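Engineer: generate a structure from the sequence data that follows.
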Amino acid sequence: MRIALVQLAYGDDEPFEARVDRVATLVAEQGGHDLVVLPELWAPTGFDYRRWDGDAQPLDGSWARAMADAARAAGTTLHAGSFVERLPDPGSDGHTLANTSLVFGADGSLLATYRKIHRFGFGAGEPRLMEAGEDVVVLDLLAGGGATVRAGLSTCYDLRFPELYRRQQEAGAELLLVPAAWPAARVAHWTLLGRARAVENQAVVVQVNTGGTHARTPMGGHSQVVTAAGDILAEAAHPDEAVLSVDVDLSATAAYREAFPVLSDRRL
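Structural biologist: Next up, the predicted model:
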């Protein structure tokens, strides 16, 4: 399976609409990949909370349409990262915003919607402004050559909560997709936790982070692909913009699980 990890770097001076146009063009250039993955909240930014309400859109808004068109232009499955969704009605916490990821098929159709379950901010930021997602989302993705792979969706801060990934593994996930806006101050946790989630679930982890600086927050970059054995298959070991094109041998995951069947020894 050939996967493109698009590590976007940007600053506060790039307007929302200009960034969407730029990224849509970049995605359209990734033909030949089975899957393209973008970071979390790359258009409204992950830390400039003041912009979220103004940049929020419904599921069928211009951001989603641009990403559907980009997937169609590239002829590939696109995990478009996440955007600030304007919910049709307030949720249980009374908020009308959500941190929502969308996955599009090569024909531009919407394959999956995931709303971030674990909200970052310790009572501010996401918990104060956004509804928490409730659903664990796992879906089948085309993996090339007529094969499919079961993939689990999560976002950024979710990575700190292993229970979510165990639920995905129990639902058959062998590929864990994690877009993020993870800051440079804790980038060592980002890389470490990705390897931990891969090892404990014997699954391939694809982590796509942002770079650059926004809302005076330097971002960490260091997007990476980790094998089911915990080895780093590819890494953008910097906070700059980059596209990693990675060939992932999915059959190696099944072989590793068979050779080292640790998951069968679970008792809890």
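
Engineer: longest helix in the protein, by number of residues?
Structural biologist: Of all segments of type helix in the chain, defined using DSSP state H, the longest is helix 187-201.

Engineer: stretch 208-216: which residues count as buried?
Structural biologist: Of all the residues in stretch 208-216, those buried under the rule 16 or more other Cβ atoms under 10 Å are 208-214. (Glycine included, C-beta is placed from N, CA and C.)

Engineer: what's the distance between it and the middle of its chain?
Structural biologist: Relative to the centre of its chain, stretch 208-216 is centred 15 Å away, using Cα atoms, centre = their mean, to the nearest Å.

Engineer: average pLDDT across that stretch?
Structural biologist: Rounded to a whole number, the mean pLDDT of stretch 208-216 is 96.

Engineer: just to revisit the earlier point, and the following helix or strand past the longest helix of the chain, what's buried?
Structural biologist: With elements assigned by DSSP states H and E, the helix or strand that comes after helix 187-201 is strand 204-208. Neighbour-count burial for strand 204-208 flags 204-208 (criterion: 16+ other Cβ under 10 Å).

Engineer: name every strand pairing with strand 204-208 and say which way it goes.
Structural biologist: As defined by DSSP bridges, the strand partners of strand 204-208 come to strand 175-179 (parallel), strand 224-226 (antiparallel).

Engineer: the helix or strand just after that strand pairs with which strands, and in what direction?
Structural biologist: For strand 204-208, the following helix or strand on the C-terminal side (DSSP H and E) is strand 211-214. If you go by DSSP bridges, strand 211-214 pairs up with strand 9-10 (parallel), strand 217-218 (antiparallel).

Engineer: quick revisit: which pair in the buried residues of stretch 208-216 has the greatest spatial separation?
Structural biologist: Using Cβ to Cβ, these reach their maximum pairwise distance at Val208 and Thr213, which is 17.9 Å.

Engineer: report the contact partners of the nearest residue to Arg257 once chain neighbours are set aside.
Structural biologist: Using Cβ to Cβ, 6 or more residues apart in numbering and skipping residues adjacent in sequence, the residue nearest Arg257 is Gln202, 5.0 Å away. Contacts for Gln202 were tallied using Cβ atoms under 8 Å, 6 or more residues apart in numbering; they are 169, 228-229, 253, 256-257, 260, 262-263.

Engineer: need the strands paired with strand 204-208 in JSON lines (columns: mean pLDDT, mean neighbour count and distance to Ala4).
Structural biologist: Output for the strands paired with strand 204-208, formatted as JSON lines (pLDDT from 0 to 100; neighbours: other Cβ atoms under 10 Å; distance: least, Cβ to Cβ, whole Å):
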{"stretch": "strand 175-179", "mean pLDDT": "99", "mean neighbour count": "27", "distance to Ala4": "12"}
{"stretch": "strand 224-226", "mean pLDDT": "98", "mean neighbour count": "25", "distance to Ala4": "11"}
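
Engineer: in a markdown table: these, plus distance to Glu131.
Structural biologist: Converted to a markdown table, the strands paired with strand 204-208 look like this (distance: least, Cβ to Cβ, whole Å):
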| stretch | distance to Glu131 |
| --- | --- |
| strand 175-179 | 19 |
| strand 224-226 | 30 |
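
Engineer: out of those, which comes closest to Val187?
Structural biologist: Closest to Val187 of those, according to Cβ to Cβ: strand 224-226, at 10.7 Å.

Engineer: so which bits of the helix or strand that the closest one is followed by are buried?
Structural biologist: Sequence-wise, the next helix or strand downstream of strand 224-226 (DSSP H and E) is strand 232-235. Residues 233-235 are the ones in strand 232-235 that count as buried (16+ other Cβ under 10 Å).

Engineer: of those residues, closest to Asp158?
Structural biologist: For these, the nearest to Asp158 is Glu235 (20.4 Å; Cβ to Cβ).

Engineer: so the closest residue to the closest one other than its chain neighbours versus Glu241, what's the distance?
Structural biologist: Nearest-residue entry for Glu235: Gln224, 4.3 Å, with adjacent residues in sequence omitted and distances by Cβ to Cβ, 6+ apart. Shown here: Gln224 relative to Glu241, a distance of 16 Å by Cβ to Cβ, to the nearest Å.
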